[in-house]
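Chemist: I would like the atomic coordinates for the input below:
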Amino acid sequence: MKFGTKAIHAGVEPDPSTGAIMTPIYQTSTYAQPSPGDHKGYEYSRSHNPTRDALQKSLAALENGNYGLCFSSGLGAIDAIIKLLKPGDEVIATNDLYGGTYRLFTKIYSKYDIKFHFTSMRDVQDIEDKVTENTKIIWVETPTNPMMNIIDIKKVGEIAHKHNILLGVDNTFATPYLQNPIDLGADIVMHSVTKYLGGHSDVVMGALVVKDKQLNEDLAFIQNSSGAIPGPQDCFLVLRGIKTLHLRMQRHCENGRKIAEFLKDHPKIENVYWPGFETHPNHEVAKAQMNDFGGMISFSLKGDNKADAFKILENFKVFALAESLGGVESLANHPATMTHASVPKEEREKIGLVDSLIRLSVGVEDAEDLINDLQFALS
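Modeler: Numbering: from 1, shown residues only. Model prediction:
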């Protein structure tokens, strides 16, 4: 089944009681049982809910996995992964990653004697050098947030499996339309469903997709025990959003390319970070493991003046200055003071996240209007 057909149909069946095409919103906390322990697969909605089940099946199909698990947020999903570990275990993570993930690792779980090693993964040898007998997870973002670095999932997977280490991949920026990490060797795929999968900036949710039955059972136990689950209304909204994922991503990619080309030639801009450029580090890897290059772009200003970046961000008319990404509307963000403020300045600067860096989530508006907005703000 092709991707567009899967996006519309996978995991979703007409309601058996009414024939309704759209999955009903099962807005219930509990389910009647004719006899204790005798039920229809549903006891309590923290554990299982029919609307959530349909979404989990859809996500598993889109990522070519066997099992999907939904959480109340992307960080809730990552939190469940780290709860697989015990004190003394170690994680190797890319040094350019979402600030909330960095905060979770360094401020929460480091207190429980779980060690995190951050390294550039553009060269996979950097990972091999940090593997110890205590390494249990390698955590990858690709493209990374916000520097758009590309990491070779297949090569990282080979290292992980050689040492019997789990490989987790945050696939939020690429979406399953552009990239399928499980096909490349990942054990766990994570999505901030809030972003492209929901697609309309009206839901906060996270998800995990796996192939291994035991790993799914372990994560499902954590999901149920910790209770960080989404409600059925949000699951319904994401099921609706997924039906147009392939169409939206096509437009995000088309607009992203036009915006990147415009920014590349602008006299006030120092660097543009977009994996579609042939000069982008690991561009050939991106070509091999992605179907296109997406709508996420970051750029820095000549002179690296924070005040100039603020002035640009304050003068957008179409781009909205806001956290998050992946909605149909275009958003602009200042990582150093917004999404990555929890990362120490010295750590940000090591990866090139300077004070003038601006991250764009290019939406599905008319590209000409977006370019005109950029021209106005940059002037």
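
Chemist: quick one: contacts for the nearest residue to Ser192 once chain neighbours are set aside?
Modeler: Distances taken as C-beta to C-beta, 6 or more residues apart in numbering put Gly74 closest to Ser192, at 3.1 Å, once the chain neighbours are dropped. In this view, the C-beta of every residue, glycine as well, is placed from N, C-alpha and C. Taking C-beta atoms under 8 Å, 6 or more residues apart in numbering, we find Gly74 in contact with Gly100, Asp170, Thr172, Met190, His191, Ser192, Val193, Thr194, Met205, Gly206.

Chemist: looking at it, the first one is touching Ser342, isn't it?
Modeler: I take that to be Gly100. Yes. The pair Gly100 / Ser342 is scored as a contact, 7.1 Å apart, by C-beta atoms under 8 Å.

Chemist: ok, those two, which is more surrounded?
Modeler: Gly100 (18 against 14; other C-beta atoms under 10 Å).

Chemist: and Ser47, that one's in a strand?
Modeler: No. Ser47: not assigned to a strand; according to DSSP: H, G, I helix; E, B strand; the rest coil it is coil.

Chemist: how's this structure carved up into domains?
Modeler: 10-242, 245-378 (automatic domain parsing).

Chemist: for the nearest residue to Leu313 once chain neighbours are set aside, what are its contacts?
Modeler: The shortest distance from Leu313 to any non-neighbouring residue, by C-beta to C-beta, 6+ apart, is to Leu321 (5.0 Å). By C-beta under 8 Å, 6+ apart, Leu321 lies in contact with Leu313, Glu314, Leu331, Ala332, Asn333, His334.

Chemist: Generate a PyMOL selection restricted to the buried subset of those.
Modeler: Here is the PyMOL selection string for the buried members of the contacts of Leu321, based on 16 or more other C-beta atoms under 10 Å:
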select buried, resi 313+331+332+333+334
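
Chemist: In helices, which of the contacts of Leu321 appear?
Modeler: Leu313, Glu314 (DSSP state H).

Chemist: Which member of the contacts of Leu321 is positioned nearest Leu104?
Modeler: Leu104 has its nearest neighbour among the contacts of Leu321 in Asn333, at 19.3 Å by C-beta to C-beta.

Chemist: tell me the SS of Ile137?
Modeler: strand.

Chemist: Tell me which two of the contacts of Leu321 sit farthest apart.
Modeler: Across the contacts of Leu321 (C-beta to C-beta), the longest gap, 14.3 Å, separates Glu314 and Leu331.

Chemist: other SSEs contacting the longest helix seen in the chain?
Modeler: Identified as the longest helix of the chain according to DSSP H is helix 245-264. Packing contacts for helix 245-264, counted by 3 or more C-beta pairs under 8 Å, 6 or more residues apart in numbering; DSSP states H and E, involve helix 3-9, helix 175-178, strand 269-273, strand 296-301, helix 367-378.

Chemist: where do the helices sit along this structure?
Modeler: Using DSSP H, helices in the chain cover 3-9, 50-62, 74-82, 99-103, 125-128, 153-162, 175-178, 213-226, 232-242, 245-264, 283-289, 306-314, 345-350, 367-378.

Chemist: which one of those helices lies closest to Tyr44?
Modeler: Across the helices of the chain, closest to Tyr44 is helix 213-226 (C-beta to C-beta), at 9.2 Å.

Chemist: what's next to that closest one, contact-wise?
Modeler: Outside helix 213-226, the residues that reach it (C-beta under 8 Å, 6+ apart) are 46-47, 66-67, 69, 71, 79-81, 83-84, 166, 187-188, 208, 210, 229.

Chemist: what residue ranges in the chain score low on pLDDT?
Modeler: Filtered on pLDDT under 70, the chain yields no residues whatsoever.

Chemist: Go ahead and confirm Lys243 touches Ala7.
Modeler: Yes. Lys243 lies in contact with Ala7 (C-beta under 8 Å); the separation is 6.0 Å.

Chemist: any chance of the contacts of Gly74 in CSV, with distance to Gln27 too?
Modeler: Putting the contacts of Gly74 into CSV (distance: C-beta to C-beta, whole Å) gives the following:
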residue, distance to Gln27
Gly100, 29
Asp170, 30
Thr172, 28
Met190, 27
His191, 24
Ser192, 24
Val193, 19
Thr194, 21
Met205, 16
Gly206, 21
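
Chemist: Nearest residue to the middle of the chain?
Modeler: Nearest residue to the geometric centre of the chain (C-alpha atoms, centre = their mean): Thr172, 1.9 Å.

Chemist: contacting residues for that residue?
Modeler: Contacts of Thr172 (C-beta under 8 Å, 6+ apart): Gly74, Glu141, Asn145, Met190, His191, Ser192, Lys195, Tyr196, Gly326.

Chemist: what's the burial count for the closest residue to Asn372 other than its chain neighbours?
Modeler: Among residues not flanking Asn372 along the chain, Val318 sits closest, at 8.0 Å (C-beta to C-beta, 6+ apart). If you count neighbours by other C-beta under 10 Å, Val318 ends up with 18.

Chemist: Repeat that for Pro36.
Modeler: Neighbours of Pro36 (other C-beta under 10 Å): 6.

Chemist: And the contacts of Leu321, which is closest to Ile92?
Modeler: Ile92 lies nearest to Asn333 out of the contacts of Leu321, by C-beta to C-beta, at 26.9 Å.

Chemist: so what's the closest one bridging to?
Modeler: Counting by DSSP bridges, Asn333 is bridged to Arg359.
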